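1. Let me see the structure of the following:
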Amino acid sequence: MSIKEKLITLSEASGVSGYENEVSEIIKKYFSEFTDEIYEDIMGNVIALKKGNGSGKKIMLMAHMDEIGLMLSNIDKDGRLRFSTLGGFDPRTLIYQDVIIHSKNKKIDGIIVPEKPTKSDGKAVMIPDLRIDTGYKKDEIEKIVEIGDIITIDRKVVELQNNYLSGKTFDDRACLGSLLIAGEELKKFNHDLDVYFVASVEEEVGTRGAATGAYGINPDMAIAIDVTFGRTLELAEEESVEMDKGVGFTLGGNIHHGMRKFLMKTAEEYSLPYQIEITPGPTGTDARSIQITRQGIPTILMSVPLRYMHTSTETISEKDVISTGKLIARFIAEIDDERLEELLCY
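-> You can find the predicted model right below:
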């Protein structure tokens, strides 16, 4: 199965924050292709261990598997459904989207529509202005769904030109793709470090899985892999990175300088592309929670460029996903006990 096929499968799977069961089963299958042990912790993080040469030193690689989604909050008298959001949706992107309501017994198709006919009055559309129409009447739908049922956007991946892919949930399933590439690449190397591949839960609602997963593993060092804003005309250069030019390395207080410098050196040594992005404060990713777990964990953030974040048309370059994974593998292969102690010094 190619990495493109895996990315498509991951993107189209359901996995709203706190309800990641469907996508986690897929990830377990993919992780099993290159790891020695797989387990799921109490929070639901999927953790896979690829053993090193016995030094006992650990590196954790983490990308979150949850997606932003919706939750059923009420039923109107005409049978249409009201909903709340789990994660940061722009309401403008939801109008007339196809959705799936995940009820206890079956999946129900629906469409998001305005509560009232749209008018060009210049007013912003808000979540309370939207409804989901399933075609059911109130007495019918009440027998099938319950308040609190999860709702996902129904979106198939579109293959664009130049190996670009567009679909839902590439934040952060694209980075899970990079972990899969890294795992396959590591099979070529005789590495010292034990490598923990983690698909974390609940990043979109507060990086909760990252905090508990990092606490349980207690690695010597960690890399969080997430997406960042891919360059489009309306974004300033300092707020985005270019597509097809490799991973973004974050500079800022959330980042361990020694690790970051060595990663950049490794990228240059193997002619793998990278870019720089600046985040002076907390990154808003799993990296923040990892860094401040226990007594502190040396952490860096690698960011895959993605256009149209938190929409159903998130767009990535397969080239960026692959080069990111290759770089992670080569970074790990370069580290022995002596080098680990050296690079962890500020």
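
2. helix, strand or coil for the nearest residue to Lys188 once chain neighbours are set aside?
-> Closest residue to Lys188 apart from its sequence neighbours, by Cβ to Cβ, 6 or more residues apart in numbering: Ala329 at 7.8 Å. Yep, even glycine has a C-beta here, placed from its N, CA and C like the rest. Of the three states, Ala329 takes helix under DSSP: H, G, I helix; E, B strand; the rest coil.

3. got the contact list for Ala329?
-> By Cβ atoms under 8 Å, 6 or more residues apart in numbering, the contact list for Ala329 reads Ile181, Ala182, Gly183, Glu185, Leu186, Lys188, Phe189.

4. Make CSV out of those and add pLDDT, neighbour count and secondary structure.
-> Formatted as CSV, these follow (pLDDT from 0 to 100; neighbours: other Cβ atoms under 10 Å; DSSP: H, G, I helix; E, B strand; the rest coil):
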residue, pLDDT, neighbour count, secondary structure
Ile181, 98, 20, helix
Ala182, 98, 25, helix
Gly183, 98, 22, helix
Glu185, 97, 19, helix
Leu186, 97, 23, helix
Lys188, 94, 10, coil
Phe189, 93, 13, coil
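
5. Of those, which is the nearest to Asn53?
-> Of all those, Phe189 has the smallest distance to Asn53: 10.5 Å, by Cβ to Cβ.

6. which residues touch that closest one?
-> Shown in contact with Phe189 (Cβ under 8 Å, 6+ apart): Ala329, Ile332, Ala333.

7. Same question for Ala13.
-> Ala13 neighbours (Cβ under 8 Å, 6+ apart): Glu22, Val23, Ile26, Thr169, Arg173.

8. Which strand or helix spans the first one?
-> Glu22 belongs to helix 21-31 when assigned by DSSP states H and E.

9. who's in contact with that helix?
-> Contacts for helix 21-31 (Cβ under 8 Å, 6+ apart): 6, 9-10, 13-15, 38, 40, 44, 46, 48, 65, 67, 173, 176, 180, 183, 197, 199.

10. 7 Å instead, please
-> 6, 9-10, 13-15, 38, 40, 44, 46, 48, 65, 176, 180, 197, 199 (Cβ atoms under 7 Å, 6 or more residues apart in numbering).

11. Quick one: distance of that helix to the chain centre.
-> Relative to its parent chain, helix 21-31 has a centroid offset of 14 Å by Cα atoms, centre = their mean, to the nearest Å.

12. list the buried ones in that helix?
-> Of the residues in helix 21-31, Val23, Ser24, Ile26, Ile27, Lys28, Tyr30, Phe31 count as buried by neighbour count, 16 or more other Cβ atoms under 10 Å.

13. so which pair among those residues is furthest apart in space?
-> Largest pairwise distance in these, by Cβ to Cβ, is 12.2 Å, between Val23 and Phe31.

14. okay if I get the contacts of Ala13 as JSON lines plus distance to Val113?
-> Rendered in JSON lines, the data for these read as follows (distance: Cβ to Cβ, whole Å):
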{"residue": "Glu22", "distance to Val113": "26"}
{"residue": "Val23", "distance to Val113": "28"}
{"residue": "Ile26", "distance to Val113": "31"}
{"residue": "Thr169", "distance to Val113": "23"}
{"residue": "Arg173", "distance to Val113": "28"}
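
15. Sounds good, over and out.
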